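**Q** Only the shape, not the letters, is given here:
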């Protein structure tokens, strides 16, 4: 048990050390990127630094598998140089038994990432998008989905427009039972439009069976209402911007994802992207275990055997390869070409089985 605790502590320290280094590099790189954006000249350095700190957590979360690979490499290379691995193996402890502690720590880190770090990343990434869009165009378009339907907001120099619809088609290009309320730059409502449907095209919204009421002070709204078989309204929204508003599943906490998926289905949107992301997050601890096993398969060796550089390079490249396979499976799952569970759980299970095969081959043969 003492040896297990020693290996676990060493691995945890290596992981924290690698994470601190990558955090510093990512923060400096993100800060440099923020200074190159168009709004950098109109905001203070403190605002840019705040944006950087909001952006760093999602990038750390993205490269977490690489952290695991590098932490495992640092752990076993250090133990090999100090001959601790030789002593451990000479005492009769097998490679798989030695890996129990790092694997257990990786599993705990995965649980903490899913249960604690995921809501933090969701909150910071969502806030980053809101603040950066606000700096960039001053009137960010946002989308909210609730039990009362879906809500959109589009901003222009002429004011804001709030859009509410009861349902939509799968890609959000057509809204049904929709209401438009326009506001002037001072904040007061100036017009209300209700339509049976509204289709978003390159030149704006195209409304069908619409009725418009003026909301000016001293004007009889119903008496001056107008009915239109078709009505065109300009818009700054695009389909990509609408999809991005609700399509980034990483901006939603894993605790809120199941309810959000139900709301998407109720509103008529396809929730497949969010279902895939939810299952990938749940499978994250297994994938981190796979990264530890993959890295250890190449680095659990004595440095006197030679080829240390090739072994480290092989571990990193195989880790990147498995990460690419998981990303590719995620894309296939989001496009509906493979089942959701297969897209999320097959890559980590395959990584674990591949790594175990390499370890057992080196152990026995």
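**A** Everything's here; your move. Just so we're clear, the structure is a prediction, and the values are computed from it rather than from any experiment.

**Q** separation between the residue nearest to residue 239 when sequence neighbours are not counted and residue 344?
**A** Once flanking residues are discounted, residue 239 sits nearest to residue 173: 5.6 Å by CB to CB, 6 or more residues apart in numbering. C-betas here are computed from N, CA, C, even on glycine. From residue 173 over to residue 344 the distance is 28 Å, taken as CB to CB, to the nearest Å.

**Q** For the stretch 1-150 of the chain, which segments count as helices?
**A** Along the stretch 1-150 of the chain, the stretches classed as helices by DSSP state H, counting those that start in this stretch are 2-35, 45-62, 64-81, 84-90, 95-98, 100-112, 118-137.

**Q** Looking at these, spot the one closest to residue 191.
**A** Closest approach to residue 191 among the helices of the stretch 1-150 of the chain (CB to CB): helix 118-137, 22.3 Å.

**Q** Mind listing residues that contact that closest one?
**A** 37-39, 42-43, 47, 50-51, 53-55, 57-58, 61, 140-142, 155, 248, 250-256, 281 (CB atoms under 8 Å, 6 or more residues apart in numbering).

**Q** ok, longest strand in this structure?
**A** The longest strand of the chain (DSSP state E) is strand 189-201.

**Q** helices or strands next to the following helix or strand past that strand in the packing?
**A** Using DSSP states H and E, the helix or strand that follows strand 189-201 in sequence is strand 204-214. With contacts taken as 3 or more CB pairs under 8 Å, 6 or more residues apart in numbering; DSSP states H and E, strand 204-214 sits against strand 174-183, strand 189-201, strand 226-233.

**Q** I'd like the ones you listed as a markdown table, with mean pLDDT, distance to residue 339 and mean neighbour count appended.
**A** Listed next are those as a markdown table, based on pLDDT from 0 to 100; distance: least, CB to CB, whole Å; neighbours: other CB atoms under 10 Å:
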| stretch | mean pLDDT | distance to residue 339 | mean neighbour count |
| --- | --- | --- | --- |
| strand 174-183 | 88 | 28 | 20 |
| strand 189-201 | 89 | 31 | 18 |
| strand 226-233 | 89 | 40 | 13 |
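
**Q** distance between the host helix or strand of residue 274 and the chain's centre?
**A** Applying DSSP H and E as the criterion places residue 274 in helix 272-282. Offset of helix 272-282 from its chain centre (CA atoms, centre = their mean, to the nearest Å): 10 Å.

**Q** Make residue 1 into 58 and carry on from there
**A** Yep, numbering from 58; the last one is helix 329-339 now.

**Q** Can you check what angle separates that helix from helix 157-169?
**A** Counting by axes from the mean of the first three to the mean of the last three CA atoms, to 10 degrees, helix 329-339 lies at 140 degrees to helix 157-169.

**Q** so what's residue 246 closest to, chain neighbours aside?
**A** residue 272 is the one closest to residue 246 (CB to CB, 6+ apart), at 4.5 Å.

**Q** and stretch 120-128, which residues are buried?
**A** 121-128 (16 or more other CB atoms under 10 Å).

**Q** Tell me how far the residue nearest to residue 296 lies from residue 364.
**A** Distance, residue 230 to residue 364, by CB to CB: 56 Å.

**Q** do residue 413 as well
**A** Counting by CB to CB, the gap from residue 413 to residue 364 is 22 Å.

**Q** Surely residue 401 is in contact with residue 333?
**A** Yes - the pair residue 401 and residue 333 qualifies as a contact (CB atoms under 8 Å) at a distance of 6.1 Å.

**Q** any shared contact partners between those two?
**A** Counting by CB under 8 Å, 6+ apart, the residues touching both residue 401 and residue 333 are 387, 390.

**Q** what packs against the one helix or strand residue 383 maps to?
**A** Assigned by DSSP H and E, residue 383 belongs to helix 365-391. Helix 365-391 sits against helix 121-138, helix 329-339, helix 341-356, helix 397-421, with contacts defined as 3+ CB pairs under 8 Å, 6+ apart.
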